[in-house]
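1. build me a model from this:
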Amino acid sequence: MIYTLGGIKGGTGKTTLATNLAIMLSKNGRDVLLVDADDQGTATLFTARRNEMLNNQAGYSAIRLREMDVYQQVLNMKDRFSDIVIDTGGRDTKSQRSALVVSDIYILPFRPRSFDIWTLYDSIDLIEECRLINPKLKAVGVLNQADFKVSTENEETKKLFVEDEKIKKALVLLDAPLSIRKAFATAAAGGLSVVEQKTKDQKAIAEIQRFYDLITNL
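-> Below is the predicted model of the structure:
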């Protein structure tokens with residue numbers, strides 16, 4: 001499968017989900033390629049840190065690509081890997097569009113905040129345009145960095161996916177919300193997935209495991 005983490009809003013946790021997904025796929029015996037298609041290059045920095053900490057045993061292959069090279073190179077390499085995970089930036093870029101043209105699943109993390117929700121509609125326009133070329137593209141929204149103390153905010157966001165016809169037509173909400181947890185940031189700083197930390201945050205592990213189980217069974 002080819003997974004793209006994207007959106008047109010920065011700071012939604014795309015790289016965190018992309019790296020956790022790549023690591024968990026590899027731990028399940030998959031031959032994984034992580035593609036950094038974000039101008040910021042955070043996934044590349046993460047992989048460098050991971051190789052430093054694990055004696056160059058990241059567990060997956062990694063490459064940095066831009067613009068049309070994302071489409072062309074992923075297309076060339078897709079038969080060499082079980083899965084490809086593409087991390088794109090938080091803007092509507094040629095890199096993200098190139099990724100969506102070749103992807104099976106588009107994962108759109110967003111926070112339950114007004115600004116993030118408003119940008120969903122722009123992301124939907126992007127999805128619809130890319131489906132003209134890639135009609136098999138599945139798109140899912142993932143509620144990320146949610147504060148479960150503010151339940152009304154989260155519930156109102158979920159209602160949009162049930163009541164808003166434009167959203168319903170374009171993407172589904174994955175029933176795997178991820179909350180604001182220090183464990184995700186701490187693991188990333190060490191080049192790890194939360195499932196690999198010595199000090200286990202069982203709630204964080206349960207959240208990312210549910211995300212993994214649902215996204216790999218779409």
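2. which residues touch the residue nearest to residue 122 when sequence neighbours are not counted?
-> Take residue 122 and drop its neighbours on the chain: the residue closest to it by Cβ to Cβ, 6 or more residues apart in numbering is residue 8, 5.3 Å away. Every residue, glycine included, has its C-beta placed from N, CA and C. Listed by Cβ atoms under 8 Å, 6 or more residues apart in numbering, the contact partners of residue 8 are 90, 91, 92, 119, 122, 123, 126.
3. assumed residue 9 was part of a strand.
-> No. If the criterion is DSSP: H, G, I helix; E, B strand; the rest coil, then residue 9 is coil and not within a strand.
4. any idea how far it lies from residue 123?
-> 8 Å (Cβ to Cβ, to the nearest Å).
5. got it, and residue 17?
-> 15 Å.
6. again, but for residue 207
-> 22 Å.
7. who has more neighbours out of these two?
-> With neighbours defined as other Cβ atoms under 10 Å, residue 207 and residue 123 compare such that residue 123 has more, 24 against 21.
8. and the helix or strand hosting that one, how far from the chain's centre?
-> Per DSSP states H and E, residue 123 falls inside helix 114-131. Offset of helix 114-131 from its chain centre (Cα atoms, centre = their mean, to the nearest Å): 15 Å.
9. that one: which residues count as buried?
-> For helix 114-131, the neighbour count (16 or more other Cβ atoms under 10 Å) marks 116, 117, 119, 120, 123, 124, 126, 127, 130, 131 as buried.
10. what does stretch 4-21 give?
-> Buried residues in stretch 4-21 (16+ other Cβ under 10 Å): 4-9, 12-21.
11. good, wrapping up.
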